[in-house]
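Undergrad: Pasting a predicted model and its sequence here:
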Amino acid sequence: MTETTTAAAAEVLAQVRGQVGFITLNRPRALNALSLGMVRALMETLLAWQDDERILAVAIRGSNKEGPFGAFCAGGDIRFLHQAGSQGDPRLEDFFTEEYALNHLIHHYSKPYIAFMDGIVMGGGMGISQGASLRIVTERTKMAMPETAIGLFPDVGGGYFLSRCPGHAGEWLGLTGDTIGAGDAVALGLADGCLPSDRQAAVWDALGTESFADAAAVQASIATKFVAQEAMNTRALAEIDQYFALDSVQAIVAALEAAGTDWARTTAATLRKRSPLMLHVVLEQIRRARGMDLAADLRMERDMVRHCFFLRPGQSETVEGIRALAVDKDHTPRWSPARIEDVTPETVAPFFESPWPAHAHPLAALR
């Protein structure tokens, strides 16, 4: 057995046991939010293991204050994003470029990559799990892409994987940032199976002690232990499609506010709290991404993130959104424009214009 603690202050623990490489995200006080150092440690580990013939598969989990599992990853380190975005720190650019390259590697990894998505799985946590060949949720899973609440958009390939949810569930998840559990995650194609949380440790440990004939056998040994979880009914999905298939954010919100159901009223109220500008941007993002492969989507999102932080001087919705939610915690972001009805196509269009020529794009090498 070999064990390596990465340079990222022991925030990513990498270990090889038997025929499997094990990764534990070890920043529990921050709900394993990803720092630039963690992104680099994950990339370094996965690249090294990809060519290691001893390793048939890779498994990744999070940790909480009591130990392993319990929380997978709450996303990117938004305090760093706020500070770097406010000060023009160039490491902000490095973070997104390297994070998106990591997301791409995971989607195209040459060996089974098995994600134990227990507890909170949000934002960047989705980025390091949605590309997994086996995505495991538990009855404790809380999954979301809540970026519109901080004036951002569902990045890390969010356009790609949300747009591939059934019907228009991707628009619903991306615009509202609503949280779903295990059953809905499986039903919407964002997870492959549910494992009871109290059985995770035994399954994880067995991966390091059993002998497997090949990589497929590693995954098969887990899949046989999946259990059913209740998901939303078809009527709820039909209601989501009814509204989130509409042509514009204004039309979606107007229809929800005119409806008579509690769900519609609650959903409309949620949308009214989000960044009006980013709601329009996200709707466009998800609908464009339906016709893109992952590499093209990640390049588009890299363009978008440059606009979010650097190309609206003094008007960064993201810096303001993080300030209100996580820094000052006054929960009263000053969105610009302030109302959904005040957003114009002219303010949305620049997010989809690349600031780089194709050959100079920071993610030009992705295929």
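TA: Ah, there it is.

Undergrad: Backbone dihedrals for Thr97, please?
TA: Main-chain torsions, Thr97, degrees, to the nearest 10: phi -60, psi -50.

Undergrad: out of everything not next to it in sequence, what's closest to it?
TA: Leaving aside its sequence neighbours, Thr97 sits nearest to Pro362 (C-beta to C-beta, 6 or more residues apart in numbering; 4.5 Å). Heads up, the C-betas are built off the backbone N, CA and C, glycines and all.

Undergrad: Could you tell me whether the one you found really is in a strand?
TA: No - counting by DSSP: H, G, I helix; E, B strand; the rest coil, Pro362 is not part of a strand but coil.

Undergrad: mind listing what it touches?
TA: Glu93, Thr97, Arg302, Trp356 (C-beta atoms under 8 Å, 6 or more residues apart in numbering).

Undergrad: quick one: average confidence on the host helix or strand of the first one?
TA: Spelled out, it's Glu93. Per DSSP states H and E, Glu93 falls inside helix 91-107. Averaging pLDDT along helix 91-107 gives 97.

Undergrad: who does the next helix or strand after that helix touch, helix- and strand-wise?
TA: Using DSSP H and E, the next helix or strand after helix 91-107 towards the C-terminus is strand 113-117. Applying 3 or more C-beta pairs under 8 Å, 6 or more residues apart in numbering; DSSP states H and E, we find strand 113-117 packed against strand 57-61, strand 134-137, helix 200-207, helix 215-223.

Undergrad: Quick one, which of those gets closest to Gly167.
TA: Nearest to Gly167, of all the helices and strands packed on strand 113-117, is strand 134-137, at 20.0 Å by C-beta to C-beta.

Undergrad: Can I get the closest one in PDB? Just the C-alpha atoms.
TA: Coordinates of each C-alpha in strand 134-137 appear next as PDB, following Å, rounded to 0.1, in the frame of the first residue of the first chain:
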ATOM      1  CA  LEU A 134     -20.300   5.600 -11.900                       C
ATOM      2  CA  ARG A 135     -22.100   8.300  -9.900                       C
ATOM      3  CA  ILE A 136     -23.300   7.100  -6.500                       C
ATOM      4  CA  VAL A 137     -25.800   9.000  -4.400                       C
END
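
Undergrad: List of residues touching that strand?
TA: Strand 134-137 is contacted by residues 112-118, 121, 129, 143, 181-182, 185-186, 190-195, 200, 219, 222-223, 226, 229 when judged by C-beta under 8 Å, 6+ apart.

Undergrad: Equivalent analysis for stretch 91-105, please.
TA: By C-beta under 8 Å, 6+ apart, stretch 91-105 touches 34, 36, 39-40, 42-43, 46-47, 76, 80-81, 84-85, 124, 127-128, 130-131, 155-157, 294-295, 298, 301-302, 305-306, 309, 362-363, 366.
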